[in-house]
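> Give me a model of this one.
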Amino acid sequence: MSISRREFVRLMGLAGAAGLLPRSAFSQRKAPSDFYEIPAFGNARILHFTDCHAQLLPTYFREPSVNLGVGDGYGKAPHLVGKQLLDQFQIPSGGIEEYAYTHLNFEDSARRYGKVGGFSHLATLVKKLRAEYGQGRSLLLDGGDTWQGSGTSYWTRGRDMVGACNLLGVELMTGHWEFTYQDKEVLDNAAAFNGEFISQNCKVKEDSQFDYELADIGDFNEDTGHVFKPYVMRQMGDLRIAVIGQSYPYTPIANPQRFMPDWTFGINEDDMQELVDQVRDVEKPDSVMLLSHNGMDIDLKMASRVRGIDAIFGGHTHDGIPGAINVSNPGGKTLVTNAGSNGKFLGVIDLDIKGKKVRDFRYRLLPVFSNLLEADSEMQSYIDTVRKPYINQLTERLAIADGTLYRRGNFNGTFDQIICDALRAVGNAQISLSPGFRWGTTVLSHQDITMEHVLDQTSITYPETYVRDMSGEDLKLILEDVADNLFNPDPYYQQGGDMVRLGGLDYVIDPLGKVGERISSMQLDNGVAIEASKKYKVAGWATVGSQSPGAPIWDVVAEYLRSQKVATLSKINTPKLKNVSGNPGYA
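From the prediction side, this is the model:
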């Protein structure tokens, strides 16, 4: 049974009176009667969301129960799940914030507290927090992965989200999945965006600069090669703030290079340090911030090595971390934050900046509860308008969920298994492969699975499926390669996704193993061992290389679900794990 807004506020007030509100939400001595009452502190307020993946409406989203940390990341944020994360950030169990930040008691809590996110509810919160802090003293940042992830974003080529962000008042953004539209479409969308798209690491390749066909579009700088402005200056009251952009470093590797054939990316740590030094010397800002889509582990390493950045507002790895991590480096300290995904959270940091230094701060990662925040009428009207042409397609009922269907987790998710089962069934394949994407909404048990839910899991610009023969050796190489991307102890070699999802195949993985030696004991569902030289019929989708010949993945999954009526999982192909006992990222 859901809870009313009035009862919700009453319970929050009682919790505050009892001293039960966690430090992650409120840092003042007297707890507020309203969950979103944030006392002003300092002289600059930065609001930050990231990885909303085009979710305009409130959704359910289950946080991971497995987010393993290796090397220096072992036992530290963001590699904490469940009770370990609650304890680290002094959040009590069993309440509203447990629901927001963890997978614990998810189904019961979801039915009690309702959906999260939604741009109309986010707009209400943003307007409230900006108005309370004072005119011209706040800044709204979007960390990227905004134009992709829904049916409407796919059909409008991301333009629906550009309009929503303009209404929301986003001033600066960077990107990753934005680049999976055609390069000209990216530049056209950036031009339609009322704010500025910034990226210090997106450049035109040297061998393309001479005959670069898009040189007259956007902010291309032929002297530096930057496709977009690498940084901008913003006036906030009496302060001048520099914000540098960092797009996803591995975009042309993780996504098809054919969509941006002339562009290159990379972590570019040396370039970052050079730019920070230049901005400090030339612009004389009161503070330097980084709007990043590196992924949190890369941000933490970069913060420890690059001098002169006061705060990093990060994205890509979808980590909803309730606190800011203060990282020491040769030049002082850098605050590192990450604001989750799916529009579920809004990061709010109030900074006390004096003498060109951050003297103190207050950080909160606010869950956006649609039951607690009224919908902004202007934003809701816009959302209704952009969805109207597609509403019949989006609302088609395909099947009933037999259990909770979710994606997020290092090794598998129940909705991922549905996709894998669909590929095997429709393609008449022994084995199926599906990418370890971290975006995708959650469906509660016994609810309708609609076409919109399927599109939430699959809406990419290279959705074509395939069925082909692969050797056992090839399958092992794929698993080893993805495992190294996920579990390499050096964050600069991690690409931020999760393990490829499998149907019809089990295996053993040692996340702490050496490169090429993490995967073993591969076998089919019937227990027959995979042979290196033998060929197997494999179905999959989302090839990064040449375009596959098959139907879009959403059509394959929809066909399967229509035939099933009730989406029941007979088996989940989750690998057996070695050397993870006691890991705080494993529940």
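
> CA atoms only: put stretch 204-215 into PDB for me.
Listed next in PDB are the C-alpha coordinates belonging to stretch 204-215 (Å, rounded to 0.1, in the frame of the first residue of the first chain):
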ATOM      1  CA  VAL A 204      39.000  16.200 -33.800                       C
ATOM      2  CA  LYS A 205      41.700  13.700 -34.800                       C
ATOM      3  CA  GLU A 206      44.800  15.200 -36.100                       C
ATOM      4  CA  ASP A 207      44.500  13.400 -39.500                       C
ATOM      5  CA  SER A 208      40.900  14.700 -39.800                       C
ATOM      6  CA  GLN A 209      41.400  18.400 -39.000                       C
ATOM      7  CA  PHE A 210      42.400  19.400 -42.500                       C
ATOM      8  CA  ASP A 211      39.200  18.300 -44.200                       C
ATOM      9  CA  TYR A 212      36.900  18.200 -41.100                       C
ATOM     10  CA  GLU A 213      33.400  18.600 -42.600                       C
ATOM     11  CA  LEU A 214      31.700  19.900 -39.400                       C
ATOM     12  CA  ALA A 215      34.200  22.700 -38.800                       C
END
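
> Let me see the contact set for Met451.
For Met451, the contacting residues are 151, 393-396, 398, 554, 558, by Cβ atoms under 8 Å, 6 or more residues apart in numbering. For the C-beta atoms, the positions are set from N, CA and C on the backbone; glycine is no exception.

> again, only this time at 6 Å
Contacts for Met451 (Cβ atoms under 6 Å, 6 or more residues apart in numbering) come out as 393-394, 396.

> I only care about those residues that end up buried; give me the ChimeraX line for that.
The ChimeraX selection below is limited to those of the contacts of Met451 classed as buried (16 or more other Cβ atoms under 10 Å):
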select :394
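
> Which single one of the contacts of Met451 is nearest to Leu56?
Distance to Leu56 across the contacts of Met451 (Cβ to Cβ) is lowest for Leu394, with 11.1 Å.

> Phi, psi for the nearest residue to Ala399 once chain neighbours are set aside please.
In space, Ala399 comes closest to Leu561 once its chain neighbours are excluded; the distance is 4.1 Å by Cβ to Cβ, 6 or more residues apart in numbering. Backbone geometry at Leu561, expressed as degrees, to the nearest 10, gives phi -70, psi -40.

> do you know how far the nearest residue to Lys76 once chain neighbours are set aside is from Leu512?
The shortest distance from Lys76 to any non-neighbouring residue, by Cβ to Cβ, 6+ apart, is to Gly69 (6.2 Å). The spacing between Gly69 and Leu512, counted by Cβ to Cβ, to the nearest Å, is 11 Å.

> Between these two, which has more neighbouring residues?
The neighbour comparison of Gly69 against Leu512 (other Cβ atoms under 10 Å) goes to Gly69, with 21 against 16.

> Hmm, that one is touching Pro78, no?
No: look at Gly69 against Pro78 with Cβ atoms under 6 Å: they stay out of range, at 7.9 Å.

> can you map out the helices along the stretch 251-400 of the chain?
Using DSSP state H, counting those that start in this stretch, the helices of the stretch 251-400 of the chain run over residues 251-254, 269-283, 296-305, 377-387, 391-394.

> Low-confidence ranges, this protein, go.
Confidence mapping of the chain against pLDDT under 70 gives the ranges 1-33.

> run the last query once more with 80
For the chain, the stretches with pLDDT under 80 are 1-35.

> Okay, domains of it per the record?
36-59+115-383, 395-577 (automatic domain parsing).

> most tightly surrounded among those?
Looking across these with neighbours counted as mean count of other Cβ atoms under 10 Å, the highest average goes to domain 36-59+115-383: a mean of 21.

> ok, so what distance separates the residue nearest to Lys76 from Ala100?
With Cβ to Cβ as the criterion, Gly69 and Ala100 are 21 Å apart.

> Same question for Pro39.
21 Å.

> Then Asp277?
Distance from Asp277 to Ala100, by Cβ to Cβ: 39 Å.

> and if you look at Met233?
34 Å.

> same thing with Tyr212?
Counting by Cβ to Cβ - Tyr212 and Ala100 are separated by 45 Å.

> same deal with Asp384?
Asp384 sits 27 Å away from Ala100, going by Cβ to Cβ.

> Same drill for those two, tell me which one is more crowded.
Ranked by neighbour count (other Cβ under 10 Å), Asp384 and Ala100 place Ala100 first, with 25 against 12.

> For my notes, confirm the more buried one occurs in a helix.
Yes: applying DSSP: H, G, I helix; E, B strand; the rest coil, one finds Ala100 inside a helix.

> will you turn the helices of the stretch 251-400 of the chain into CSV that also has distance to Gln494?
CSV is the format used below for those (distance: least, Cβ to Cβ, whole Å):
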stretch, distance to Gln494
helix 251-254, 11
helix 269-283, 15
helix 296-305, 6
helix 377-387, 35
helix 391-394, 35
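
> right, and those helices - which one's nearest Gln182?
When the helices of the stretch 251-400 of the chain are compared by Cβ to Cβ, helix 251-254 sits nearest Gln182, at 13.9 Å.
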